[in-house]
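Colleague: Below is the sequence, then the predicted model.
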Amino acid sequence: MPAAPLAHPGRVVLDARDIGRALTRISHEIIERNKGAGDLVLLGIPRRGVPLAQRIAARISQVEDVDVPVGSLDITMYRDDLRLKPARALLPTEIPSGGIDGKVVVLVDDVLFSGRTIRAALDALNDVGRPRAVQLAVLVDRGHRELPIRADFVGKNLPTSLSERVSVRLADLEDDGVDAVSIEPRPDATEVGE
Amino acid sequence: MKRHLLSAADLTRDDAELVLETAAELRSLADRPIKKLPALRGRTVVNLFFEDSTRTRISFEAAAKRLSADVINFAAKGSSVSKGESLKDTALTLEAMGADAVVIRHGASGAPHRLAHSGWVRSSVVNAGDGTHEHPTQALLDAFTLWRHLGEERRGGLEGRRVAIVGDVLHSRVARSNALLLKTLGAEVTLVGPPTLLPVGIEGWDVETSYDLDAVLPKVDAVMMLRVQRERMQGGFFPTPREYSRRYGLDGRRMATLQDHTIVMHPGPMVRGMEITADVADSDRSVIVEQVTNGVAVRMAVLYLLLGGSESESPE
């Protein structure tokens, strides 16, 4: 999803420092909830979940002095709207070499919205192995759930209208190298999810 | 991508690279405990094989099953076809059974094209080899194997890489599809064989040709050996098998003249001692076994891209 042209940058709700602080807090909450980082595996949901997972892992490593395995989990083939659009390109799935059996998997995504992406991710996870527990960390929870799914760790609760779009830009993926979360009017009202 | 895959020429460079990238993601599935994805759940893929081909059929079957499709195998031997049923009636039967994709192997060049454009079936048609015409999924898996060894780490992928295709080009659908696809991907192709086994009209293929294997070998990044298809030969294309392998077979001595990074390929089935010697086929340069593994990933990618989305839902 390309960012909106700069003519309408939208309203910035989190800047780079806000995002940094939110990720630091999430990292501490993950350690606290799990009483350490021993059995953790972080799996980012491409694209934007992956750099977020890497940043959280780096922060946890700083605090706990252990390396947290980080991977990515593509959910394309598990989407419930797969048949509604032309075949989509697949994104990388990389499961850390230690696997996920018996581990605590923290799924990481940028925006929690309908919950359908996370439902797909849980299905995908099921085919990879059997974690001891699955937790969910998101940078932004914008509400409007369509499934009984909630996040364990939330960077920012952001009340939104369905006519708005939450745009997350991460330095790792954007040309301009700037982190920002902004709210924009939605260009087409049919696009849901992501 | 288009709705059918009938010829390697149907693929634009973007299409072909999408297949290769999708195959690269799907290849890691083989290392997982559950080798299955749900993308084609509820879809039916029919393998319609009028010619014997265990290798290609099980490759397509494995690919479809790993994507959760239902697979129906239809082999012509012992079927209604041997009782005289026409391609049209067979096709209408498949249509009535609700096939979403038909993978067809046929001895007549153009049979898949006929099936796709006749209006007999609404399903996607995948050419799994027709006569001496084309075999596009073989070309894609060869390109994927080349790409993994020679292109993945480079800008431009296979751009400018040199590939020699050696042997019975005349009877080879693999050679034609490969020449077309490798050109699309920017590679340079040289077809090597005795004059009797290079097809008439090859000037129009936009490839180099040579009768001299020894002169070509040191220059290429990959050598693809073709099987001599004696079942399609009536008459003398070369004096003796021994003379053929002396001039166009790949043996240890010739292999020593290759560059260090050059890989050796063969679409199979091999005739050891004819076009390739056992020591070459089993050497470190040989990627022949890997080609088979890659075949499943590439066919998964093709089936997913043809059937996974919405376009195939709405018949033209």
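Modeller: It's in.
Colleague: OK, contacts around the residue in chain B positioned nearest to chain A?
Modeller: Chain A sits closest to residue B:309 of chain B, with a gap of 3.4 Å, by CB to the nearest CB. Where C-beta positions appear, they are placed from N, C-alpha and C, glycine not excepted. Contact analysis of residue B:309 by CB atoms under 8 Å, 6 or more residues apart in numbering or on different chains lists A:82-83, A:85-88.
Colleague: Please apply the same query to residue B:34.
Modeller: Contacts for residue B:34 (CB under 8 Å, 6+ apart) come out as A:127-128.
Colleague: how does it look with 10 Å?
Modeller: A:126-129, B:66 (CB atoms under 10 Å, 6 or more residues apart in numbering or on different chains).
Colleague: now residue B:45
Modeller: Neighbours of residue B:45 in contact, by CB under 10 Å, 6+ apart: B:60-61, B:63-65, B:67, B:69-73, B:99-103, B:123-124, B:126, B:303, B:306-307.
Colleague: Next: residue B:137.
Modeller: With CB under 10 Å, 6+ apart, residue B:137 has these contacts: B:5, B:8, B:19, B:56, B:59-60, B:63, B:103, B:126-129, B:177, B:295, B:298-299, B:301-303.
Colleague: Which residue ranges of chain B form strands?
Modeller: B:44-49, B:70-75, B:101-106, B:124-130, B:162-166, B:188-192, B:208-210, B:222-225, B:263-265 (DSSP state E).
Colleague: Report the angle between the longest one and strand B:44-49.
Modeller: It stands for strand B:124-130. Calculated by axes from the mean of the first three to the mean of the last three CA atoms, to 10 degrees, strand B:124-130 forms an angle of 20 degrees with strand B:44-49.
Colleague: Just say helix, strand or coil for the residue nearest the centre of chain A.
Modeller: Central residue of chain A (CA atoms, centre = their mean): residue A:109, 0.6 Å from the mean position. Look at residue A:109: counting by DSSP: H, G, I helix; E, B strand; the rest coil, its state is strand.
Colleague: Okay, it and residue B:32: tell me how far apart.
Modeller: 22 Å (CB to CB, to the nearest Å).
Colleague: what does residue B:94 give?
Modeller: For residue B:94 relative to residue B:32 (CB to CB), the value is 32 Å.
Colleague: try residue B:104
Modeller: 31 Å.
Colleague: So those two - more neighbours on which side?
Modeller: residue B:104 (29 against 15; other CB atoms under 10 Å in any protein chain shown).
Colleague: Look at residue A:174 and say how many residues are nearby.
Modeller: 13.
Colleague: Residue A:38 too?
Modeller: If we define neighbours as other CB under 10 Å, then residue A:38 has 11 of them.
Colleague: three-state assignment of it?
Modeller: coil.
Colleague: wait, it sits on residue A:66?
Modeller: Yes: using CB atoms under 10 Å, residue A:38 makes contact with residue A:66 at a distance of 7.1 Å.
Colleague: Narrow the contacts of residue B:309 to those that are buried.
Modeller: With burial judged by 16 or more other CB atoms under 10 Å in any protein chain shown, the buried subset of the contacts of residue B:309 is A:82-83, A:87-88.
Colleague: which of those residues come close to chain B?
Modeller: Contacts with chain B are made by A:82-83, A:87-88 out of these, judged by CB under 10 Å from any CB of the partner chain.
Colleague: Let me have these in CSV, extended by pLDDT and secondary structure.
Modeller: CSV is the format used below for those (pLDDT from 0 to 100; DSSP: H, G, I helix; E, B strand; the rest coil):
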residue, pLDDT, secondary structure
A:82, 91, helix
A:83, 88, helix
A:87, 88, coil
A:88, 88, coil
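Colleague: State the distance from residue A:161 to chain B.
Modeller: Per CB to the nearest CB, to the nearest Å, residue A:161 is found 28 Å from chain B.
Colleague: which stretches of chain A form helices?
Modeller: A:16-33, A:49-64, A:116-128 (DSSP state H).
Colleague: Ok, which of those helices comes nearest residue B:276?
Modeller: Of all those, helix A:116-128 sits nearest to residue B:276, with 39.1 Å by CB to CB.
Colleague: And for the most centrally placed residue in chain B, nearest residue in space, chain neighbours not counted?
Modeller: Among the residues of chain B, the one closest to the centroid is residue B:138, at 1.3 Å (CA atoms, centre = their mean). Nearest residue to residue B:138 in three dimensions, chain neighbours excluded: residue B:174, at 5.1 Å (CB to CB, 6 or more residues apart in numbering or on different chains).
Colleague: next one: residue A:10
Modeller: According to CB to CB, 6+ apart, the nearest residue to residue A:10 is residue A:184 (3.4 Å).
Colleague: Also residue A:107?
Modeller: Using CB to CB, 6+ apart, the nearest residue to residue A:107 is residue A:136, at 5.0 Å.
Colleague: The one you found - how many residues pack around it?
Modeller: 22.
Colleague: Would you confirm that it contacts residue A:104?
Modeller: No: Residue A:136 lies out of contact with residue A:104 (CB under 10 Å); the separation is 11.8 Å.
Colleague: got the contact list for whatever residue of chain A ends up closest to chain B?
Modeller: Nearest residue of chain A to chain B (CB to the nearest CB) works out as residue A:87 at 3.4 Å. Counting by CB under 10 Å, 6+ apart, residue A:87 touches A:76-77, B:1, B:18, B:22, B:39, B:301, B:303-312.
Colleague: just to revisit the earlier point, spit out the contact partners of the residue nearest to residue B:138.
Modeller: Shown in contact with residue B:174 (CB under 10 Å, 6+ apart): B:129, B:134-136, B:138-139, B:142, B:165, B:168, B:224, B:226-227, B:266-268.
Colleague: Look at it and report its pLDDT.
Modeller: You'll see residue B:174 listed with a pLDDT of 94.
Colleague: ok, now the one 3 residues further on?
Modeller: The score at residue B:177 is 96. That number is its pLDDT.
Colleague: so what's it closest to, chain neighbours aside?
Modeller: Per CB to CB, 6+ apart, closest to residue B:177 is residue B:139, 3.6 Å.
Colleague: Same check on residue A:133?
Modeller: residue A:104 (4.9 Å).
Colleague: Touching, that neighbour and residue A:30? I think so.
Modeller: Yes: in this structure residue A:104 lies within contact range of residue A:30 using CB under 10 Å: 9.0 Å.
Colleague: between these two, what contacts are shared?
Modeller: Common neighbours of residue A:104 and residue A:30, using CB under 10 Å, 6+ apart, are A:37, A:40, A:42, A:135.
Colleague: now do the same end-to-end measure for stretch B:126-138.
Modeller: 12 Å (CA to CA, to the nearest Å).
Colleague: all helices of the stretch 1-150 of chain B, in order?
Modeller: Ranges of helices in the stretch 1-150 of chain B, per DSSP state H, counting those that start in this stretch, are B:13-27, B:54-66, B:87-96, B:111-117, B:136-146.
Colleague: Can you tell me which of those is packed in deepest?
Modeller: Ranked by mean neighbour count, the helices of the stretch 1-150 of chain B are led by helix B:136-146 with a mean of 28 (mean count of other CB atoms under 10 Å in any protein chain shown).
Colleague: So which bits of the longest helix along chain B are buried?
Modeller: Selection of the longest helix in chain B by residue count, based on DSSP H, yields helix B:288-307. If you call a residue buried by 16+ other CB under 10 Å, then helix B:288-307 has these buried ones: B:288, B:290-292, B:294-307.
Colleague: Dump it to PDB, restricted to CA.
Modeller: This file holds the C-alpha atoms of helix B:288-307, laid out as PDB (Å, rounded to 0.1, in the frame of the first residue of the first chain):
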ATOM      1  CA  ILE B 288      19.600 -32.700 -11.800                       C
ATOM      2  CA  VAL B 289      18.100 -33.900  -8.500                       C
ATOM      3  CA  GLU B 290      17.500 -30.300  -7.400                       C
ATOM      4  CA  GLN B 291      15.600 -29.700 -10.700                       C
ATOM      5  CA  VAL B 292      13.000 -32.300  -9.500                       C
ATOM      6  CA  THR B 293      12.600 -30.700  -6.100                       C
ATOM      7  CA  ASN B 294      12.300 -27.300  -7.700                       C
ATOM      8  CA  GLY B 295       9.700 -28.700 -10.100                       C
ATOM      9  CA  VAL B 296       7.100 -29.100  -7.300                       C
ATOM     10  CA  ALA B 297       7.700 -25.600  -6.000                       C
ATOM     11  CA  VAL B 298       7.400 -24.100  -9.500                       C
ATOM     12  CA  ARG B 299       4.200 -26.000 -10.300                       C
ATOM     13  CA  MET B 300       2.800 -24.900  -7.000                       C
ATOM     14  CA  ALA B 301       3.600 -21.300  -7.900                       C
ATOM     15  CA  VAL B 302       1.900 -21.700 -11.300                       C
ATOM     16  CA  LEU B 303      -1.200 -23.300  -9.900                       C
ATOM     17  CA  TYR B 304      -1.500 -20.700  -7.100                       C
ATOM     18  CA  LEU B 305      -1.100 -17.800  -9.500                       C
ATOM     19  CA  LEU B 306      -3.600 -19.300 -12.000                       C
ATOM     20  CA  LEU B 307      -6.200 -20.400  -9.400                       C
END
